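Undergrad: Okay, structure incoming, though there's no sequence with it:
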């Protein structure tokens, strides 16, 4: 039987939070390299939330957001989702492509760019996880969706929903000049993988 | 003044006469509505998973197609609906993300819709309208005075079913 989020003890939570911190830090560095600009990052918030509370964090269920979703493969399996407000994704693609497009939609090139950003951020997050645990962890090619926050969030929430009523969420804020980009990582290990993850970190009860 | 009740994920609620029930941003989840046109009793549930039987932690009945529909039925009956007059409408069950080799998890929306239809059939409640599937989110509003279900999307129009 797997472990649910409700059953995690304080030390296990701290370890998961620390992974979140390191992973998000590396992701910010990767982004800075990619756009060749200095990126500041606020200390990421790592939280375990009731799934009802999740959409509010990002401005309500109907806020347009961009979700980039990956399968996690290797010694642990599961999913990773990088989610950001549509506004933030536009700031990122504008930074990356050095343009100033203020429309509310994303064209094909911007979609492809945001997938690539998601790919790099999630990739560096996963490689820190891999380095910390000594596990072989890879991510699949990304899948992108732009839609209401509630609809996109239903995907990780449903997966967590098979284990309990809470989700593990890492919120990072990246700042470049005047642009603020708020992004969220969801790490969603499959039930069996939670144990593998915790035991490789030496904190399985 | 119409009273609007908002239904969250894995949640359900009922109203009557001039009330409005809404759930925002349905993705792979399914919104189930039950309605009695004579007493104007309306109910809505926002379920996340097909079956309570496959899950260890299943205390929240409104999370699952099977237990959620059952509970919704009990609640509308309590509010004065007549079982024989009840009709149902469904929305949601999208597949928000797609991968080349589809696995079970990715098809959860489709499985949710199938599960809800099975439960309604067992309960002998006719489904009079449905707007399910696709790869986009939906916000739904059920009007208790008319039984109309309004489905709103981003980029896929708005319709009444």
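TA: Alright, I've got the coordinates. Just so it is clear, the structure is predicted and the values come from calculations on it, not from any experiment. Residues are numbered from 1 along each chain as shown, chains lettered A, B, ... in the order given.
Undergrad: okay, CA-based contacts and neighbour counts for the rest of this
TA: Will do.
Undergrad: Read off the pLDDT value for the closest residue in space to residue B:68 that isn't next to it in sequence.
TA: Spatial nearest neighbour of residue B:68, excluding adjacent residues (CA to CA, 6 or more residues apart in numbering or on different chains): residue B:62 at 4.1 Å. Residue B:62 carries a pLDDT value of 91.
Undergrad: now residue B:62: how far from residue A:53?
TA: Residue B:62 sits 16 Å away from residue A:53, taking CA to CA, to the nearest Å as the criterion.
Undergrad: go on, residue A:109?
TA: For residue A:109, the distance to residue A:53 - CA to CA - is 33 Å.
Undergrad: Between these two, which has more neighbouring residues?
TA: Remark: of residue A:109 and residue A:53, residue A:53 carries more neighbours, 14 against 11, as counted by other CA atoms under 10 Å in any protein chain shown.
Undergrad: Surely the more buried one forms part of a helix?
TA: Yes: assigned with DSSP: H, G, I helix; E, B strand; the rest coil, residue A:53 falls within a helix.
Undergrad: Give me the nearest residue to whichever residue of chain A sits closest to chain B, chain neighbours excluded.
TA: Per CA to the nearest CA, residue A:151 is where chain A lies closest to chain B, at 3.6 Å. Distances taken as CA to CA, 6+ apart place residue B:27 nearest to residue A:151, at 3.6 Å, with adjacent residues excluded.
Undergrad: How about residue A:149?
TA: In space, residue A:149 is closest to residue A:61, 4.9 Å off (CA to CA, 6+ apart).
Undergrad: Could you say which helix or strand holds that neighbour?
TA: Using DSSP states H and E, residue A:61 is not contained in any helix or strand.
Undergrad: quick one: it from residue B:137, how far?
TA: The value you get for residue A:61 to residue B:137, if CA to CA is used, is 10 Å.
Undergrad: Look up how far residue A:96 lies from the residue in chain B that chain A sits nearest to.
TA: As assessed by CA to the nearest CA, chain A sits closest to residue B:27 within chain B, at 3.6 Å. Residue B:27 sits 30 Å away from residue A:96, going by CA to CA.
Undergrad: Neighbour count for the two, which is higher?
TA: Shown here are residue B:27 and residue A:96; by other CA under 10 Å, residue B:27 has more neighbours (33 against 18).
Undergrad: so that one touches residue B:94, yeah?
TA: Yes: at 5.4 Å, residue B:27 and residue B:94 qualify as touching, with contact defined as CA atoms under 8 Å.
Undergrad: any common contacting residues for those two?
TA: Taking CA atoms under 8 Å, 6 or more residues apart in numbering or on different chains as the contact rule, residue B:27 and residue B:94 both touch B:109, B:136, B:137.
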